[in-house]
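1. I need the structure of the sequence given here:
(one chain, ligands or ions: 1)
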Amino acid sequence: MRKPLIVGNWKMNNTTAESVDLTEKLKRLIKDMAVVEVVVAPPFTSLDKVRDAIKGSNIKLGAQNLFWEDKGAYTGEVSPLMIRDLDCEYVIIGHSERREYFKESDEIINKKIKAALRNKLKAIVCVGESLKEREEDKTMQVIESQVKKGLQGLSLSEAKELIIAYEPVWAIGTGRNATPAQANEVHTYIRKLLSQIFNEGIASNIKILYGGSVKPSNSAELMSEKEIDGALVGGASLEADSFAEIVRSACMV
Ligand code: 13P
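-> Predicted coordinates:
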């Protein structure tokens with residue numbers, strides 16, 4: 001049985017004061033919803049303050065990115081050690097915005113995943129096809145390539161700390177979400193790939209989240225699908241009320 005997981009990816013939003021304010025509101029709204037695992041991923045600059053704000057709550061902390069080396073001359077980068085130092089348990093890797101704007105390749109993403117796991121961070125690995133790729137009927141091909149290259153060389157024990165997020169690029173920030181059936185089809189395929197790469201037992205325990213315009217109005221329907229174990233939420237995680245509604249919908253499954 002996979003416990004539902006809802007992750008709020010705040011992206012490049014919120015000052016430290018805004019981050020704390022949002023966290024305080026969220027804490028109150030979801031305090032009775034312990035059947036769901038809840039993670040917030042604020043920008044790096046807010047991690048310290050949010051870490052303090054979530055103390056004593058059921059909210060966990062995640063980072064949105066990391067560098068693959070533990071330390072050194074890498075101006076502007078943030079290492080897995082620094083993220084762990086702030087009590088992050090999770091890190092998002094390979095988000096499509098990083099693939100697109102920062103040209104992160106599957107090889108880079110693979111190095112980042114290994115760095116996260118080496119440092120005892122749970123890696124939330126994002127995969128997803130573009131609109132063009134979906135229209136050309138290449139969705140499964142793209143997913144297969146991203147999953148296989150991204151997860152290359154991981155041990156079975158490392159695989160236990162993985163979470164996969166299926167985020168079709170055409171659904172991110174567009175208000176256009178994949179239908180529950182479309183998402184479930186890709187999730188089923190991802191789980192099949194995971195059992196080929198690792199084994200069936202490991203694959204059946206890895207959570208697969210859906211991301212892309214998840215809102216209170218569509219989350220229950222998405223989450224009711226067998227292979228959808230939770231959500232990676234962008235825009236709707238910036239409002240405590242809407243994020244809490246999404247968490248509530250995951251309590252029902
Ligand atoms: P939206 O929920 O704003 O579409 O963003 C999804 C996403 O990219 C989460 O990582």
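
2. Is the ligand within reach of stretch 100-118?
-> No - Stretch 100-118 stays clear of the ligand (CB under 6 Å from any ligand atom), getting no nearer than 11.3 Å. In this view, the C-beta of every residue, glycine as well, is placed from N, C-alpha and C.

3. buried set for that stretch?
-> E104, D106, I108, I109, N110, K111, K112, I113, K114, A115, A116, L117 (16 or more other CB atoms under 10 Å).

4. now do stretch 172-179
-> Buried-residue list, stretch 172-179, by 16+ other CB under 10 Å: I172, N177, A178.

5. Kindly report the same for stretch 179-198.
-> For stretch 179-198, the neighbour count (16+ other CB under 10 Å) marks 180, 182-187, 189-191, 193-194, 197-198 as buried.

6. if we can go back for a sec, redo the buried residues of stretch 100-118 as a markdown table? Include secondary structure and pLDDT.
-> Shown next, in a markdown table, are the buried residues of stretch 100-118 (DSSP: H, G, I helix; E, B strand; the rest coil; pLDDT from 0 to 100):
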| residue | secondary structure | pLDDT |
| --- | --- | --- |
| E104 | coil | 98 |
| D106 | helix | 98 |
| I108 | helix | 98 |
| I109 | helix | 98 |
| N110 | helix | 98 |
| K111 | helix | 98 |
| K112 | helix | 98 |
| I113 | helix | 98 |
| K114 | helix | 98 |
| A115 | helix | 98 |
| A116 | helix | 98 |
| L117 | helix | 98 |
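
7. quick one: the strands in this protein?
-> In the chain, the segments counted as strands under DSSP state E are 5-9, 37-41, 59-63, 90-93, 122-127, 162-166, 207-211, 230-233.

8. give me the number of residues near D229?
-> Number of residues near D229 (other CB atoms under 10 Å) recorded here: 24.

9. Now do it against the ligand, distance only.
-> 15 Å (CB to the nearest ligand atom, to the nearest Å).
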